Structure formats: structure tokens, C-alpha cells
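Novice: the sequence and its predicted three-dimensional model are supplied below.
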Amino acid sequence: MSKRDRSKAQAPAVWVEMPSPFSVEPGHIRLRAPVGGFTREHLDRLRNGSLGQPFILEREDSRVLFFTADAVQSAMSTGDPNELLCTYTRKMMSFLLLVPEPQHVLMIGLGGGSIAKFCLHHLPRTRFTAVEIDAEVIAMRREFAIPDDDERFEVVHDDGAGFLARTTLRPDVVLVDAFDEIGVAPSLASLEFHLSVSRALRPGGLMIMNLSGYRSRYAIHVNSARTAFAGGTLLVPVEGEGNLLLFGFPSPPDLPPPAQLEAHAARLSSEMPIDFRRYLRRIRASKYAGSGAHPLLGGPAAGESADRVSRSSWPP
């Protein structure tokens, strides 16, 4: 992060606080004051979802990041800031089933830093880099107990697609969880972006992208990933949240025998507050698009092919 970016992202904050104006989201709202102060017009735009800046909802036992009131961007337990409250964030940690000892995790989208904090706490030998385009989100890092940068952790203020196109980093895992007000950022849907991810990953690595928001946007992500990742893709639904996780493999994953993988999932479940055994079953039941067998099954992926996804047939 440049000095200019650091000063912009970490400037002393002036906060506006008020009771939540949303009947479906009771609590207390906090946000950084716009230049010139917070006016009635800003309040109206906050209510109708056109304010264009993130805000925090303080609940009794949690702190939640929103862009608009109809979609949670990140959630933190005030009693345990390292806990993963959102189901999809726990499921994104299933990369550990496939890459058990990552040296470096790169994440596109910081949000409230839930996955970053969890990884820093539970994976002491792993470096973590988070790329975040929105300086307002970075400026909220202390509100979400995101630690300062050090030799293991760095927050970069940049566009994720541009960063990946230029970077010389070779992460083991790329996690993509970057949204605008209506879903996954469009710049992360292009074939060029997915090719950049595939090229950056080390051999044996993988990408996991969280898809949420308008489902009409999903098809372009899936089709771009299926072209870019020679090792195939997986589509894994998140129960209860409507999200879909898109896995991309630059090359076919080299996995241990099923019994050994199940033992690994059981060991991870005993070490972390995540049911990796359940997630392994869900991944095995997911849709694989690639040549040959489903990488976690050892047999053909029944009924699945690498055919293009059309808007009329999506979601599956």
C-alpha cells in the first residue's frame, strides 16, 4: 500500500451514530461521516440503499458490515472476533481439505476481515494478503479487530483484478469474496481475471470464489472459470444462505486416497470449530466440470459435463 493510500485509508475517522432506521435490522448504525457532514439527504439514501458507502450495524452480540440493508457483507462476534459467523466463510475454509499446509493465502476483498483473522489465528505458518478496493472498508479495520500489517499479514488498497494482473506473488490459495451493492464485482467476472488467478497459483493450488447477489451474474463467472482453469471447476452450494462457492483448479488436484482424506477432515474438525467432515461430503456431492473423474470421488461425476452455462438454465 502506498503512503498516499495508507493516509487515505487510516485517516482519523469522524463517525455518525444513530438508531437503525431499518425495521428488519434493529440495532445501532455507525458510519464514517461524509465530507461536509451527514444530512437528511444522506439518511434518505441510507434508507433506500443508494448511499454508496459501507456502514456498521451494532447488534447485541455482533457487529455487521453492510453496503445496503438487504445484504450482510461481513459479521463479527464481539465476544470472539476470530469466530466465523457466516456459513459461507466457514465453507470457504474447506480449501484446507485440498491444500493442507498453505504457505500463502491471497484474498480479494477484505470486508470485515473474518477469514483473514481466522487464518492468522489458526494457521500460524501461513502468510495472508488481502486486496481491498474500497478505502472506506479498509478504514473500518479497527472496528472489526483486523490486526495491523506485519510480516505475515498485509492489506493492499487496490483493485483485485488489476492487482492479480500485475502481481509476482505465487499463492497456494486465492479466495475471492468481493462485492458491490448488488453482487460479485463485475471486474472479477472476466476471463482475463480468472486466467490471472490460474497463472498466479502455485502447482496444486486452487481458487474459491463466493458467488452471491443477483444470480443473473453467476453464469459469466462460471463460464470464465471453466475456460481458465484447466484442472476443472466445482460448484458447491451453501446451505441456508443462497450463496454458491466456485472452486477452480489450475491443474487436477493430487489428492490422497479417500480414507486418508476423511481422516484429514476429522483431524481438521478436531482442531478448528468447523465441521470439515460435513463439508467434505458436500464437496463430493458437488458439480464438477472438467476432464475425467470428479477429483474427490475417484469416479465419473454423474451427469456433469463442461457445457456452457446459459442464463436461461442458471442456477442449476
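Specialist: Structure's in. What do you need? Residues are numbered from 1 along each chain as shown.

Novice: lowest average confidence, helix or strand, in this structure?
Specialist: For the chain, the helix or strand with the lowest mean confidence is helix 3-9, at a mean of 42 (criterion: mean pLDDT, DSSP states H and E).

Novice: C-terminal to that helix, what's the next element?
Specialist: Downstream of helix 3-9, the next assigned helix or strand under DSSP states H and E is strand 15-19.

Novice: which other helices and strands does that following strand contact?
Specialist: Judged by 3 or more C-beta pairs under 8 Å, 6 or more residues apart in numbering; DSSP states H and E, the packing partners of strand 15-19 are strand 28-32. Just so you know, the C-beta spots here come from the backbone N, C-alpha and C atoms, and that holds for glycine as well.

Novice: how far out from the middle of the chain is the strand it packs on?
Specialist: Here strand 28-32 is found 23 Å from its chain centre; the criterion is C-alpha atoms, centre = their mean, to the nearest Å.

Novice: give the other helices and strands that that strand contacts.
Specialist: strand 15-19, strand 55-58.

Novice: adjacent strands (with direction) for the longest one?
Specialist: What that stands for is strand 15-19. Taking DSSP bridges as the criterion, strand 15-19 forms sheet pairs with strand 28-32 (antiparallel).

Novice: what's the next helix or strand after the partner strand in contact with?
Specialist: Per DSSP H and E, the first helix or strand lying C-terminal to strand 28-32 is helix 40-48. Here helix 40-48 makes contact (C-beta atoms under 8 Å, 6 or more residues apart in numbering) with 18, 21-22, 29, 31, 34, 51-52, 55.

Novice: most widely separated two among those?
Specialist: Across the contacts of helix 40-48, the longest distance by C-beta to C-beta is 19.1 Å; it joins Phe22 and Pro34.

Novice: just the helices and strands packed on strand 28-32: most buried one?
Specialist: Per residue and on average, the most neighbours among the helices and strands packed on strand 28-32 fall to strand 55-58, with a mean of 20 (mean count of other C-beta atoms under 10 Å).

Novice: just checking, next helix/strand downstream of that strand?
Specialist: strand 62-68.

Novice: can you pull the contacts of Val156?
Specialist: Here Val156 is in contact with 1, 129-132, 163 (criterion: C-beta under 8 Å, 6+ apart).

Novice: switch to 10 Å and redo it
Specialist: Residues in contact with Val156, defined by C-beta atoms under 10 Å, 6 or more residues apart in numbering, are 1-2, 5, 106, 108, 110, 129-133, 138, 149, 163, 167.

Novice: please identify the buried residues of the longest helix belonging to the chain?
Specialist: Taking DSSP state H as the criterion, the chain has its longest helix at helix 258-271. Neighbour counts using 16 or more other C-beta atoms under 10 Å place 261-262, 264-265, 268-269 of helix 258-271 among the buried residues.

Novice: same check on stretch 67-78?
Specialist: Across stretch 67-78, burial judged by 16+ other C-beta under 10 Å covers 67-69, 72-76.

Novice: any chance of the buried residues of helix 258-271 in JSON lines with distance to Glu154 and pLDDT as columns?
Specialist: Listed next are these as JSON lines, based on distance: C-beta to C-beta, whole Å; pLDDT from 0 to 100:
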{"residue": "Leu261", "distance to Glu154": "32", "pLDDT": "92"}
{"residue": "Glu262", "distance to Glu154": "35", "pLDDT": "93"}
{"residue": "His264", "distance to Glu154": "29", "pLDDT": "95"}
{"residue": "Ala265", "distance to Glu154": "30", "pLDDT": "96"}
{"residue": "Leu268", "distance to Glu154": "26", "pLDDT": "97"}
{"residue": "Ser269", "distance to Glu154": "30", "pLDDT": "97"}
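
Novice: just these now: which is nearest Phe179?
Specialist: Nearest to Phe179 among these: Leu268, at 27.5 Å, using C-beta to C-beta.

Novice: so how far is Val99 from the closest one?
Specialist: Per C-beta to C-beta, to the nearest Å, Leu268 is found 12 Å from Val99.

Novice: what lines up beside the host helix or strand of Val105 in the sheet?
Specialist: Using DSSP H and E, Val105 sits in strand 104-108. Strand 104-108 pairs in its sheet with strand 127-132 (parallel), strand 173-176 (parallel), by DSSP bridges.
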